[in-house]
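Peer 1: from the sequence below, what's the structure:
(chains A and B)
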Amino acid sequence: MDLRFTDEERAFRQEVRDWIDANLPADTRERMAAGRTPTKQMQVDWQKKLNAKGWCVPHWPAEWGGQKDWSAIKRFILLEELQGTPAPIPLGFNCNMLGPVLIAFGTEEQKKFFLPKLANLDLWFCQGFSEPGAGSDLASLKTRAVREGDHYIVNGQKTWTTLAQYADWIFLLVRTNPEATKQQEGISFLVVDMNTPGITVRPIITIDGAHEVNEVFFDDVKVPVANLVGTEHRGWDCAKFLLSNERTGQARVGASKDRIRRLKLIAQNAPGGERPMIEDGRFRERLVEVEVQLKALEMTTMRVLADENRQLSERKPNPASSVLKIRGTEIQQAISDLYVMAAGPYGMVGADPDGDRWNEPELAPEWATLAQPTYFNWRKQTIYGGSTEIQKNIMAKAFLGL
Amino acid sequence: MDFDLSEDQRLLQDSLTKLLADKYKFEDRKRFMKSANGWSQEMWEAYADLGLLGLPFAEEDGGFGAGPVEVMLMAEAMGSAITLEPWLATVVMGGGFIRHGASAAQRAAMVPEIALGKLKLAFGYTEPQSRHDLHDVATTAKKDGAGWVLEGRKGVVLHGDVADQIVVTARIGGARRDKSGIGVFLVPANTKGVTRRGYPTTDGLRGAEITLDRVSLPAEALLGDAGNGLALVDRVVDETIAALAGEAVGAMDALQKLTLDYLKTRKQFGWPIGSFQSLQHRAAEMMVCLEEARSMAMLAAMMAAEPDATERRRQMSAVKVQTGRSGKFIGQGAIQLHGGIAMTMEYLGGHYFKRLTTIDTMFGDADHHLTQLMAMGGLNQAA
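Peer 2: All right, here's what the predicted structure looks like:
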């Protein structure tokens, strides 16, 4: 057991850092440093650069652009440096969700057509899982696909569809067999071109004012049978596989570290009564509490990564992985709360997360105007991707045997 | 970065775990606690036979040359059985001072004896007024010819009642709370002027109040630097914090398992109580805390040998905060999930809770270290 980074791993971290410094466009860097999400164009341009460097999908098999000899630790270092800059990270829908599903379940034609486009973000995918009546109980989904010759006819509604307004395609869970004895057994996994007639996207504006998620309606949408991924009625296998992938990214350790480092600098200058905010005892105590939790999360991430480095056959389900989603999201929320505390009254001025600049000329520093919207927005983190409560249910079953 | 255990490490873990599973059941522990010393001489010898008592000492001194990871594994196993023997006091604390502060001649004389289980040590650092501040030392050491004369009192000295030699801090110069001017002395327990009053601590281990009344010591009783004993103390304490983190994880893990077994067998309202979601979620939260503590115990093992004392202490404070918080959450949760049965002396669960409580207290509880960490500016640099 040696828990230190090797010289090689350290050198790789430096290489990544230098490369990001040399290649990340200034406007992207500035926007992300302020705590905003990248624009579509920023994401696309940056992902193409990463892909050309071979750093977009290192976890894929080498024949599809992956890095054969990379350890899980090395992948983590890359991710941590991207999050820590911060720079855009490869689009999760493409690289961590659909890509691995296609690699595991897709036909040769599907792999050849989609995988290069996913890595290079030539096609932007969104995820059609949740429905108005199927949230935590995802398998109760009702969107119907009826086979007619070479096509499925899809009818129904998806919701919480993140960045559907940018998406070229959507991957979708649909019910193909409503008669199946178990509801999980009548579901199929489809990929659908968003330009297909009958698809309507309606924005959902979240409490921070952002247009991030959408409702997507399907009204007699014709989808070629060739767009079925895996076996008909066995889409739940794909969904389960997808949801179990890349747990280590969910912890967002690098991003949280970066947010804390920035917050400390901010708090050294932000007014906190007679002294700067950093000298406020309650603020400082809460900040340091989060730092300790983050350190524990970082070490836990390392443990899970070391596990992922082992051969599949030697892997056991690791209870440490459940910690990542639960604590990773709690920590991010706690940090966003500390930003609100640091911003104080001028945090109420607020900012439009989509970039409408009523803060010009500046009423309050940009970080302060983003503090409350970010805090509002990040309530989502303990809800999406399997809520904290669902994670605990999973733990009780999978690890505690209850 | 590599989290796998070596063959030797696995062997060490297996042999100790097996020994304790065979010979350190709850009934055995109760019996040991009632014996004259409050622990088992037979087990002490068994640890010596396994090589555990010489584990972290250099091979040239008669030890086994093991590092912090081995100590963590040993501590974890000890924690899972909440053992009563003075291994922490002798091997980790006292032994730490021998390793880092004793002369070659002292090491040559003492290490083989420690490894054989024939020499027991203790460390006296607490004083009635000092709370958790290691530098708050009222006990004095005055030069007397070539030697020293010690005067003062050390309190809550873990296994101080049975130790053959006791390491104590004493002030050579400066004011009571100065960080400089502290000396570390090795005091044979049978020296004239040393009186000891032993007592059981709340966790079932043993403590002692030690009075030093004009205790004359030879020059070589001073370990390490005359004026800068605190650096030596910090080093040994940080190693001890790492071992305690391992012990705490062993105790938390065992207590979590005990609780899960109970949840699966105890029935109320016609169902095993583990089928109720509110209890499941609390058990899941306990597991999150356990895994966090486990991660931090590994961090502690990684940092125990860090030469940069400031960085080492910073990380150790974080370790103390997390293990203290986790231990409290799991200890309190385990009792709550059990219900009344875990309130009884006759049930194992409460004894883990008590040991976790004293582990938190030792060398400063979670809140003490949170304050320390705040004063050090936290873990991350502003940027």
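
Peer 1: just the helices in the stretch 201-350 of chain B please.
Peer 2: B:229-265, B:277-303, B:309-338, B:348-361 (DSSP state H, counting those that start in this stretch).

Peer 1: so which helix or strand of chain A has the lowest pLDDT on average?
Peer 2: Ranked by mean pLDDT, DSSP states H and E, the weakest helix or strand in chain A is helix A:247-250, scoring a mean of 68.

Peer 1: next SSE downstream of that one?
Peer 2: helix A:253-269 (DSSP states H and E).

Peer 1: and the next helix or strand after that following helix with chain B, contact?
Peer 2: Next along the chain after helix A:253-269, taking DSSP H and E as the criterion, comes strand A:271-272. No. Judged by CB under 8 Å from any CB of the partner chain, strand A:271-272 and chain B are separated, with a smallest distance of 14.7 Å. Every C-beta, even on glycine, is put in place using the N, C-alpha and C of the backbone.

Peer 1: sheet partners, orientation included, of strand A:271-272?
Peer 2: Each strand paired with strand A:271-272, and its direction, by DSSP bridges: strand A:275-276 (antiparallel).

Peer 1: what lies in contact with the partner strand?
Peer 2: Residues outside strand A:275-276 that contact it (CB atoms under 8 Å, 6 or more residues apart in numbering or on different chains) are A:267-270.

Peer 1: close to chain B: what parts of the stretch 201-350 of chain A are there?
Peer 2: Checking the stretch 201-350 of chain A against chain B by CB under 8 Å from any CB, the hits are A:257, A:260-262, A:264-265, A:268, A:284-285, A:287-289, A:291-297, A:299-300, A:302-303, A:306-307, A:319-320, A:322-323, A:326-327.

Peer 1: can I get stretch B:293-301 in CSV, CA atoms only?
Peer 2: Output of stretch B:293-301 as CSV, limited to C-alpha atoms (Å, rounded to 0.1, in the frame of the first residue of the first chain):
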residue,chain,number,x,y,z
ALA,B,293,-13.1,7.4,8.5
ARG,B,294,-11.5,4.5,6.7
SER,B,295,-10.3,6.9,4.0
MET,B,296,-8.9,9.3,6.6
ALA,B,297,-7.1,6.5,8.5
MET,B,298,-5.4,5.7,5.2
LEU,B,299,-4.5,9.4,4.9
ALA,B,300,-3.1,9.3,8.4
ALA,B,301,-1.0,6.2,7.6
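
Peer 1: next, the buried residues of it.
Peer 2: B:293-301 (16 or more other CB atoms under 10 Å in any protein chain shown).

Peer 1: which of the residues you listed are close to chain A?
Peer 2: B:293-296, B:298-299, B:301.

Peer 1: what are the boundaries of the strands in the stretch 51-200 of chain A?
Peer 2: A:125-128, A:144-148, A:151-158, A:169-175, A:187-193, A:199-205 (DSSP state E, counting those that start in this stretch).

Peer 1: flag the shaky bits of the stretch 101-250 of chain A, pLDDT-wise.
Peer 2: A:245-249 (pLDDT under 70).

Peer 1: what angle separates whichever helix in chain A runs longest from helix A:253-269?
Peer 2: The longest helix of chain A (DSSP state H) is helix A:281-309. Angle, helix A:281-309 to helix A:253-269, by axes from the mean of the first three to the mean of the last three CA atoms, to 10 degrees: 160 degrees.

Peer 1: so what's A:Val323 up against?
Peer 2: Per CB under 8 Å, 6+ apart, neighbours of A:Val323: A:297, A:300, B:288, B:291-292.

Peer 1: same question, A:Glu289
Peer 2: With CB under 8 Å, 6+ apart, A:Glu289 has these contacts: A:334, B:321, B:370.

Peer 1: just put these in JSON lines and tack on neighbour count.
Peer 2: Formatted as JSON lines, the contacts of A:Glu289 follow (neighbours: other CB atoms under 10 Å in any protein chain shown):
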{"residue": "A:Ala334", "neighbour count": "18"}
{"residue": "B:Val321", "neighbour count": "28"}
{"residue": "B:Leu370", "neighbour count": "22"}
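
Peer 1: which ones are touching the residue nearest to A:Val290 when sequence neighbours are not counted?
Peer 2: Nearest residue to A:Val290, sequence neighbours excluded (CB to CB, 6 or more residues apart in numbering or on different chains): A:Ala334, at 5.0 Å. By CB under 8 Å, 6+ apart, the contact list for A:Ala334 reads A:286, A:289-290, A:293.

Peer 1: which of those count as buried?
Peer 2: Buried among those by 16+ other CB under 10 Å: A:286, A:289-290, A:293.

Peer 1: give me the number of residues near A:Asn96?
Peer 2: The tally of other residues near A:Asn96 (other CB atoms under 10 Å in any protein chain shown) stands at 19.

Peer 1: brain fart, A:Trp378
Peer 2: 18.

Peer 1: same thing with A:Gly209?
Peer 2: Residues near A:Gly209, counting by other CB under 10 Å: 15.
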